[in-house]
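A.B. asks: sequence first, then the predicted structure, then my questions.
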Amino acid sequence: MSTTTVPTEAPEERATASAAAPRRTRGRAERSRAASLASHGILTVASLVALFPIAWLVFLSLGPDKDDYLHPGRIWSKMTFDNYAFVLQHTNFFHWLKSSLIVSLGTTVIGVLVAATTGYAVSRMRFPGYRKLMWVLLVTQMFPIAVLIVPMYQILSRLQLIDNYLGLVLVYCSTAVPYCAWLLKGYFDTIPFEIDEAGRVDGLSPFGTFFRLILPLAKPGLAVAGFYSFITAFGEVAFASTFMLSDTKYTFAVGLQSFVSEHDAQRNLMAATAVLVAIPVSAFFYLVQKNLVTGLTAGGTKG
C-alpha cells in the first residue's frame, strides 16, 4: 500500500505570510518632502519680513546725514557710527535710560504683585462680587487714553505726583494690572487646589501658601505678566509726555520726540537712538523667554 505525502508550508513561511503588513500609509504627523520644503520656505519668508524693519533701522542709523533715508543707496559708501557717539555724548540718553528703567521696572514689580494677588484671590476664593470684580477690570480696558488723561492728571496733581516717577508708575499699573490679573487668574486655575490644602495642613497661612507654594509654580505666568507690564511702560508715549515735565525725567519714548521739531527732523539720530533703546527690551525678553510660551498657553486653558 502506497502513501502520498502532501507537502506542507514551513512554519517560518506561514509566519512570514501572515505577518506581511499592508502598504504603509503616512501618519498624520508625517509630511511629504514637498510639504516640508513649502513650510520651511514660508517660515523663512515670514522671518525675513519680521527682521527687515529692524535691519533697515540699523542700516539707516549708520548714515551720517539726516536726509540719508531719502537716498539709502548712498549710505554704503559713508557708513559711520558717529550717530551713536552723538546720542551717547551730546544728548540726555542716560537720563532717559534711567527714567525708563525706573518706570518700567517699578511698573513690572508693583503691577505683577497686584495682578498676582488679585488673580489668585478670584481663582481660589468665592467672595461676594468676585465675578463682577473681574468684569470691572475688563471694562477699564475699554476706555481710550485720551479720555483717561484729564482725570488722571487731576488726581496726580492733587497728590503732587506730577513729574514724579511714582505717579507715572501708578498710571501704567492702571493699564497693566487688569490684563495681567485676567492672565494670571487663568494660570492659577490650572494649578491643583490640593496644593493649597496641603499648605494649610502644614500650617501655612493663606499668604504663606500663596508666596511659598503657588508663586514658584506660577513662574511662566508671572513671566508673561512681567513682560507685558515692562513693554507697556517702556514704549508708552502719551502718559509719559503729559505727566513728566523735566527733560532729565523723560523716558526713551518721549526723548525720541526731541529729535523732531516743527521744521526739522534728525532721522539719523532717531534711528540710532531707537537701536539703542531696543537693547534693554531685548535683554529683558532674553531673561523671560523660557517661560513666555508656557505661560501664554497654560494661562488660556481654563477661564
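C.D. replies: Sure thing, it's come through. These numbers were taken from a predicted model, which means no experiment stands behind them.

A.B. asks: please read off the pLDDT at residue 18 from the model.
C.D. replies: Looking at residue 18, its pLDDT reads 49.

A.B. asks: let the chain start at 56 from now.
C.D. replies: Got it, first residue is 56 now, which makes that one residue 73.

A.B. asks: helices of the protein, start to end?
C.D. replies: 66-73, 88-116, 137-145, 148-179, 185-195, 200-213, 220-244, 249-256, 261-264, 270-272, 274-289, 293-298, 307-310, 322-353 (DSSP state H).

A.B. asks: closest to residue 125 out of the ones you listed?
C.D. replies: Closest to residue 125 of these, according to Cβ to Cβ: helix 322-353, at 9.3 Å. Every C-beta, even on glycine, is put in place using the N, C-alpha and C of the backbone.

A.B. asks: just how off-centre is the closest one within its chain?
C.D. replies: 8 Å (Cα atoms, centre = their mean, to the nearest Å).

A.B. asks: returning to what we had before: as TSV, the helices of the chain with mean neighbour count and distance to residue 316 would be great.
C.D. replies: Output for the helices of the chain, formatted as TSV (neighbours: other Cβ atoms under 10 Å; distance: least, Cβ to Cβ, whole Å):
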stretch	mean neighbour count	distance to residue 316
helix 66-73	9	86
helix 88-116	11	19
helix 137-145	15	16
helix 148-179	21	18
helix 185-195	13	36
helix 200-213	13	23
helix 220-244	22	25
helix 249-256	12	58
helix 261-264	14	53
helix 270-272	13	48
helix 274-289	23	24
helix 293-298	19	15
helix 307-310	22	14
helix 322-353	17	12
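
A.B. asks: mind putting those helices into CSV with distance to residue 123?
C.D. replies: Below are the helices of the chain laid out as CSV (distance: least, Cβ to Cβ, whole Å):
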stretch, distance to residue 123
helix 66-73, 75
helix 88-116, 7
helix 137-145, 10
helix 148-179, 21
helix 185-195, 44
helix 200-213, 34
helix 220-244, 35
helix 249-256, 59
helix 261-264, 58
helix 270-272, 50
helix 274-289, 27
helix 293-298, 27
helix 307-310, 21
helix 322-353, 6
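
A.B. asks: out of these, flag the one nearest residue 127.
C.D. replies: Among the helices of the chain, helix 88-116 comes nearest to residue 127, with 6.9 Å by Cβ to Cβ.

A.B. asks: what is that closest one packed up against?
C.D. replies: helix 322-353 (3 or more Cβ pairs under 8 Å, 6 or more residues apart in numbering; DSSP states H and E).

A.B. asks: hmm, back to that, any idea which of the helices of the chain gets closest to residue 122?
C.D. replies: Nearest to residue 122, of those and by Cβ to Cβ, is helix 322-353 at 7.8 Å.

A.B. asks: can I assume residue 166 is in contact with residue 228?
C.D. replies: Yes: counting by Cβ atoms under 8 Å, residue 228 is a contact partner of residue 166 at 4.5 Å.

A.B. asks: anything in contact with each of the two?
C.D. replies: residue 284 (Cβ atoms under 8 Å, 6 or more residues apart in numbering).

A.B. asks: list the contacts for residue 329?
C.D. replies: Here residue 329 is in contact with 112, 116, 311 (Cβ under 8 Å, 6+ apart).

A.B. asks: quick check: pLDDT value at the first one.
C.D. replies: Residue 112 is assigned 88 on the pLDDT scale.

A.B. asks: list the contacts for the closest residue to residue 157 other than its chain neighbours?
C.D. replies: Leaving aside its chain neighbours, residue 157 sits nearest to residue 220 (5.2 Å; criterion: Cβ to Cβ, 6 or more residues apart in numbering). Going by Cβ under 8 Å, 6+ apart, residue 220 touches 154, 157, 158, 161, 304.

A.B. asks: for the chain, which spans come out with low pLDDT?
C.D. replies: 56-85, 317-318, 346-358 (pLDDT under 70).
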